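A.B. asks: the following comprises the amino acid sequence and a computationally predicted model.
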Amino acid sequence: MKRVMMLAGIICVVFIAGCSSNNSPSAAARKFYTAVVKGDAKAMGQVATPETVQVMTMFGEKAQGMLAVYGKITKTTEEIDGDTAVVTLTFENGETDTLHLVKIDGKWKVSMNK
């Protein structure tokens, strides 16, 4: 009986971990912001369209400095409409920023093309 309960517990943990996808629009937006602040084009490429990465890398240090002033993200809200989403980020300094995302191959990507 103990083995059955332990097996059931393990299955529940695996199921919950699998369902709590890290691929939500908010998660992608947070990763994008962090990648921009760090100047990490590779990480940006994982959560942004190629066009968006190109634009952000053109701005380079200016974008990094501008966003770094905002501080940490304190809150995110998201609105999903099919394969598009809008995420509003709220920062420590009270500023907000809105990002548009599209779902490509099942993954949310920040898109500056709306």
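C.D. replies: Okay, I see it. Numbering: from 1, shown residues only.

A.B. asks: does the spatially most central residue of the chain sit in a helix, a strand or a coil?
C.D. replies: By CA atoms, centre = their mean, the chain has its centre lying nearest to Ala28, at 1.5 Å. Three-state call for Ala28 (DSSP: H, G, I helix; E, B strand; the rest coil): helix.

A.B. asks: that one: what's it in contact with?
C.D. replies: By CB atoms under 8 Å, 6 or more residues apart in numbering, Ala28 lies in contact with 47, 87, 101, 107-110. C-beta here means a position set from N, CA and C on the backbone, and glycine is covered the same way.

A.B. asks: rebuild those residues as TSV, extending it with secondary structure.
C.D. replies: As requested, the contacts of Ala28 are arranged in TSV below (three-state DSSP):
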residue	secondary structure
Val47	helix
Val87	strand
Leu101	strand
Lys107	strand
Trp108	strand
Lys109	strand
Val110	strand
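
A.B. asks: which among these end up buried?
C.D. replies: 47, 87, 101, 108-110 (16 or more other CB atoms under 10 Å).

A.B. asks: show me where pLDDT drops low in this structure?
C.D. replies: Residue ranges of the chain with pLDDT under 70: 1-22, 114.

A.B. asks: ok, now with 80
C.D. replies: Applying pLDDT under 80 to the chain flags residues 1-22, 59-68, 114.

A.B. asks: do a quick rundown of the strands in it.
C.D. replies: Ranges of strands in the chain, per DSSP state E, are 73-81, 84-91, 96-104, 107-110.
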